[in-house]
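**Student:** Got a sequence here, can you build the structure:
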Amino acid sequence: MPPAIPLDQFWQSPGPILDVRSPSEYAQGHIPGAISFPLFSDDERAQVGTCYKQVGRDQAVELGFDLAGPKCGDFIRQAKALAPDRTLRLHCWRGGMRSGGLGWILATAGFRVVTLEGGYKAYRRWVRQSLATPKPLLVLGGMTGTAKTLILQELAALGEPVLDLEALANNRGSSFGALLLPPQPSTEQFENLLADRWGVFTGDRPIWVEAESRRVGTCRIPDELFRQMDTAPTLEIIRSLEERLDLLVDIYGQADPQDLIIATERIRKRLGGQRTQAAVAHIQAGDLRSACAIILDYYDRTYRYDLERRGTVIPQVDGQGKSPAAIARYLQNHWPSVIQR
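**Tutor:** The predicted structure follows:
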């Protein structure tokens, strides 16, 4: 059987990472960069699991070999395409029979194989431990439309450590946040992506992160990270209403009007019936700017409520008339003096 090695050694080993769990397990969450290489389909996995519970382990193992046996040649050919030098890493859920069995098949075919001790379950323990590790944060706040995401991107271009939660979640953090973006990952995969990024940050330089609620679309920020964000120094970007509307129209003007209407209807209870009807009418008439002005009133009230709840004074940075790049350069050079105001 191929050697099973702990996670720290698994990271350092050569070769692509092949995740031999079923397709649905992989879709729910996987090691970033790992390739789906299922030993069993979802249906086959269910058959083996049912056999294990109702009949017994020995019969389940036999069934597993019956299902996997005819696919061995395909496994070897696919592995050759993925790892031409015949060096690779495998893992399953607990580091048990699936990775061990497929590892044995590939090793017999001449591959150099290692498996992950404890499997994906061990990796998930590392994810939680990693995100609980305290690191210095600087939170970038501001009302909707103040270009916080663009500023973060410019800070990253300047070499500053940036944790872009919205980019990892594929969502801008509102009812409209999913428009024009790829589907969101599961919360589990969002955590995996966060931990992967979190581990890159070393040293004492503060990590810039955008102020968010506990959820970014359907993705929930882990409590370990959210607590750090909640107590970190925060800076608030200030822009005029006209500038904010310019930005929102530029972004959402590319969206399908029907999608905008659906997103507006989702906040009807909070926006109010009359305001919702007026916003929808503006969208239907092609006047997105007027619609955004109505919708912003709701988001601004929510933002101000959150500030009042915190009961703290947040230092402000005047971004009016300035490009995201100019604001990023200012923050890079002056953030210590700003947070001491």
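
**Student:** quick one, strands of the stretch 51-200 of the chain?
**Tutor:** Taking DSSP state E, counting those that start in this stretch to define them, one finds strands in the stretch 51-200 of the chain at 87-91, 112-116, 137-142, 162-163.

**Student:** Now render these as TSV, adding mean pLDDT, mean neighbour count and distance to Ile237.
**Tutor:** C-beta here means a position set from N, CA and C on the backbone, and glycine is covered the same way. Output for the strands of the stretch 51-200 of the chain, formatted as TSV (pLDDT from 0 to 100; neighbours: other Cβ atoms under 10 Å; distance: least, Cβ to Cβ, whole Å):
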stretch	mean pLDDT	mean neighbour count	distance to Ile237
strand 87-91	97	25	42
strand 112-116	97	24	43
strand 137-142	94	22	4
strand 162-163	98	22	15
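
**Student:** Glu188 is nearest to which of these?
**Tutor:** In terms of Cβ to Cβ, the element of the strands of the stretch 51-200 of the chain nearest to Glu188 is strand 87-91, at 15.6 Å.

**Student:** just the angle between that closest one and strand 112-116, please?
**Tutor:** Relative orientation of strand 87-91 versus strand 112-116 (axes from the mean of the first three to the mean of the last three Cα atoms, to 10 degrees): 30 degrees.

**Student:** Strand 87-91 pairs with which strands?
**Tutor:** Strand pairing for strand 87-91, using DSSP bridges, gives strand 17-19 (parallel), strand 112-116 (parallel).

**Student:** Dump these into TSV; add distance to Phe65 as well.
**Tutor:** Shown next, in TSV, are these (distance: least, Cβ to Cβ, whole Å):
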stretch	distance to Phe65
strand 17-19	19
strand 112-116	18
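
**Student:** Ok, which of those comes nearest Ala157?
**Tutor:** Closest among those, using Cβ to Cβ: strand 17-19, at 29.7 Å.

**Student:** Need the mean per-residue confidence for the closest one.
**Tutor:** Strand 17-19 shows a mean pLDDT of 98 in the predicted model.

**Student:** same check, this time on stretch 118-125
**Tutor:** Here the average pLDDT along stretch 118-125 is 97.

**Student:** and if you look at stretch 44-58?
**Tutor:** 86.

**Student:** What lies in contact with stretch 120-127?
**Tutor:** Applying Cβ atoms under 8 Å, 6 or more residues apart in numbering, the external contacts of stretch 120-127 come out as 6-7, 19, 21, 25, 29-31, 91-95, 116, 118, 188, 191-192, 195.

**Student:** Not counting sequence-adjacent ones, nearest residue to Gly29?
**Tutor:** Counting by Cβ to Cβ, 6 or more residues apart in numbering, the nearest residue to Gly29 once its immediate chain neighbours are dropped is Glu188, at 3.5 Å.

**Student:** What strand or helix carries the residue lying closest to Phe176 once chain neighbours are set aside?
**Tutor:** Leaving aside its sequence neighbours, Phe176 sits nearest to Ala263 (Cβ to Cβ, 6+ apart; 4.5 Å). Using DSSP states H and E, Ala263 maps to helix 257-266.

**Student:** Show me what the next helix or strand along the chain from that helix packs onto, helices and strands only.
**Tutor:** Tracing the chain past helix 257-266, the next element assigned as helix or strand by DSSP H and E is helix 268-271. Here helix 268-271 touches helix 288-310, going by 3 or more Cβ pairs under 8 Å, 6 or more residues apart in numbering; DSSP states H and E.

**Student:** Return the set of buried residues in the helix or strand following the helix it packs on.
**Tutor:** Going down the chain from helix 288-310, the next helix or strand is strand 316-318, by DSSP H and E. For strand 316-318, the neighbour count (16 or more other Cβ atoms under 10 Å) marks Val317 as buried.

**Student:** Stretch 265-277 too?
**Tutor:** Within stretch 265-277, the residues scored as buried using 16+ other Cβ under 10 Å are Ile267, Leu271, Arg275, Thr276.

**Student:** ok, residues contacting the helix holding Ala263?
**Tutor:** Here helix 257-266 makes contact (Cβ under 8 Å, 6+ apart) with 175-176, 179, 252, 271, 276, 279-280, 283-284, 286, 288, 291, 295.

**Student:** what's the burial count for Pro14?
**Tutor:** Other residues near Pro14 number 11, with proximity taken as other Cβ atoms under 10 Å.
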